[in-house]
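Participant: coords below, sequence missing:
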DNA sequence: TATCTTTGTGAGTGAATACTAACTAATGGT
DNA sequence: ACCATTAGTTAGTATTCACTCACAAAGATA
């Protein structure tokens, strides 16, 4: 999983082949097939590896007792963007719906990961609206779409800049913009 | 261009090969090479074809004299989402940065198209903020990122639903949500 | 009619790439 | 020490795909 991550981070997902992966690990191609029954199986494992990492990382973020829902959201996305910045492979794989379109299990897994992220945000927005820190002008699910969409857009811009722009900083600006509009103060 | 569009709409971009395309047109493979020097050349032409269509369609949308900036934005996105809904191929190609990553000219063209859309939105937000129909709480470029990102998210959800959900309706809900937050009334 | 240009074809090449067959070396339990 | 299981190797196969070669028909022009 780590070799695959590094290969993708450096040369893109198109360059992850059984051959390059085996070389990176220092094994022959058939050796990989002792452990995975197909390349898709490897990709599926990789997605699960990222999903598990993301879930446990986000769930173990410590919040101060005084933290508002907005503060929590800021912390969650800060951690998320910092991780993307460090390991661009995650983005290459998670944002690759168009590549995985041909395989049912892979595209379902990608949807699952996107949904997971959405649920974190949706729960946050819901709580915030209920305890009065967020405005109730718009439904929680719409706000969730806006937040997740805007953050993905920030990531896309970073990708298109060739990872040159500052993802953490730009993402923060966007999130703060949204929070400025929905937070009661 | 039309054959390619239909092929992609029906079977996805992975299924657009010189062979399938030649078959659809009713020509042999070498015949295609009389007109395009490579497959990437075809894809580049396709992107340009979509770009031209988008630009002229958006620029010729009629606005009532009484239309606010919000009304204009609603009309622009309505037209855009309706077009995507009718020809899913456009989305497959324009949202395929991850696939075109390997080719400089293709990925530049995709960036160009995304930038074009952003400029339409940015100009709208800018005007709206200057003439007081939009709030000035957040910078125009941040609002633009939020709007374009949220709309792309709506499109992504539609794609992941297998084009089953109602893109025009769901996109409208999201846009109205954002406008509710930024419009002065 | 003669000839040049454009547009087409059948048959094939070369490279990439996922995957396999047949065999071998290492490991660990009894 | 024996042997079953696990993990590895070399040398392939099969397929897909973009692209090319040598040649032919059709169209335009003189």
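Facilitator: Yep, that arrived. Values in this document were obtained by computation on a predicted structure and should not be read as measured data. Numbers count the residues shown, from 1 in each chain, chains lettered A, B, ... in the order given.
Participant: which outside residues touch the lowest-mean-pLDDT helix or strand in chain A?
Facilitator: Ranking every helix and strand in chain A by mean pLDDT, DSSP states H and E puts helix A:97-100 at the bottom, with a mean of 88. With C-beta atoms under 8 Å, 6 or more residues apart in numbering or on different chains as the test, helix A:97-100 has contacts from A:13, A:43, A:106-107, A:110-111, B:13, B:92, B:95-96, B:98-99, B:156, B:159-160. In this view, the C-beta of every residue, glycine as well, is placed from N, C-alpha and C.
Participant: ok, so of the residues you listed, who is nearest DNA strand D?
Facilitator: residue B:13 (10.1 Å; C-beta to the nearest atom of the strand).
Participant: Now for the closest one: which residues touch it?
Facilitator: Taking C-beta under 8 Å, 6+ apart, we find residue B:13 in contact with A:98, B:89, B:92-93, B:96, B:99.
Participant: farthest-separated two in those residues?
Facilitator: Maximum pairwise distance among the contacts of residue B:13 (C-beta to C-beta): 13.4 Å, between B:89 and B:99.
Participant: And the helix ranked longest in chain A, what's buried?
Facilitator: In chain A, taking DSSP state H as the definition, the longest helix is helix A:104-130. Residues of helix A:104-130 classed as buried by neighbour count (16 or more other C-beta atoms under 10 Å in any protein chain shown): A:106-107, A:109-111, A:113-114, A:117-118, A:120-122, A:124-126, A:128-129.
Participant: could you show me where the strands are in chain A, in order?
Facilitator: Per DSSP state E, chain A carries no strands over any range.
Participant: What is the neighbour count of whichever residue of it sits closest to DNA strand D?
Facilitator: In chain A, the residue that lies nearest DNA strand D is residue A:28 (3.0 Å; C-beta to the nearest atom of the strand). Using other C-beta atoms under 10 Å in any protein chain shown, residue A:28 has 12 neighbouring residues.
Participant: Skip the chain neighbours and tell me the closest residue to it.
Facilitator: residue A:22 (5.9 Å; C-beta to C-beta, 6 or more residues apart in numbering or on different chains).
Participant: Quick check: the gap between that neighbour and residue B:144.
Facilitator: Going from residue A:22 to residue B:144 by C-beta to C-beta, to the nearest Å gives 45 Å.
Participant: So these two - more neighbours on which side?
Facilitator: More neighbours surround residue B:144 than the other of residue A:22 and residue B:144, with 21 against 17 (other C-beta under 10 Å).
Participant: dump the residue contacts of that one.
Facilitator: By C-beta under 8 Å, 6+ apart, the contact list for residue B:144 reads B:118, B:121-122, B:125.
Participant: Then residue A:81?
Facilitator: Contacts of residue A:81 (C-beta under 8 Å, 6+ apart): A:151, A:154-155, A:167-168, A:171-172.
Participant: Among those, which ones lie close to DNA strand C?
Facilitator: Taking C-beta under 7 Å from any atom of the strand as the test, DNA strand C is in contact with none of those.
Participant: Spell out which parts of chain A neighbour DNA strand D.
Facilitator: Contact residues, chain A versus DNA strand D (C-beta under 7 Å from any atom of the strand): A:27-31, A:34-35.
Participant: Against chain B, how distant is residue A:64?
Facilitator: Between residue A:64 and chain B the computed distance is 26 Å (C-beta to the nearest C-beta, to the nearest Å).
Participant: Any regions of chain A where pLDDT drops low?
Facilitator: Within chain A, no stretch has pLDDT under 70.
Participant: tell me which parts of chain A are close to DNA strand C?
Facilitator: A:14, A:17-19, A:29-30, A:33, A:37-40.
Participant: residues touching the residue nearest to residue A:183 when sequence neighbours are not counted, list them.
Facilitator: Using C-beta to C-beta, 6+ apart and skipping the chain neighbours, the partner closest in space to residue A:183 is residue A:70 (5.3 Å). Contacts for residue A:70 (C-beta under 8 Å, 6+ apart) come out as A:128, A:133-134, A:179, A:183.
Participant: Go through these and name the one nearest residue B:49.
Facilitator: residue A:179 (40.2 Å).
Participant: doesn't residue A:74 make contact with the closest one?
Facilitator: Yes. In terms of C-beta atoms under 8 Å, residue A:179 counts as a neighbour of residue A:74; the distance is 7.5 Å.
Participant: what about these two, which has more around it?
Facilitator: residue A:179 (20 against 16).
Participant: Excluding chain neighbours, give the residue nearest to the more buried one in space.
Facilitator: Among residues not flanking residue A:179 along the chain, residue A:70 sits closest, at 4.8 Å (C-beta to C-beta, 6+ apart).
Participant: Likewise for residue A:100?
Facilitator: Nearest non-adjacent residue to residue A:100, counting by C-beta to C-beta, 6+ apart: residue A:106, 3.9 Å away.
Participant: same question, residue A:135
Facilitator: residue A:182 (5.3 Å).
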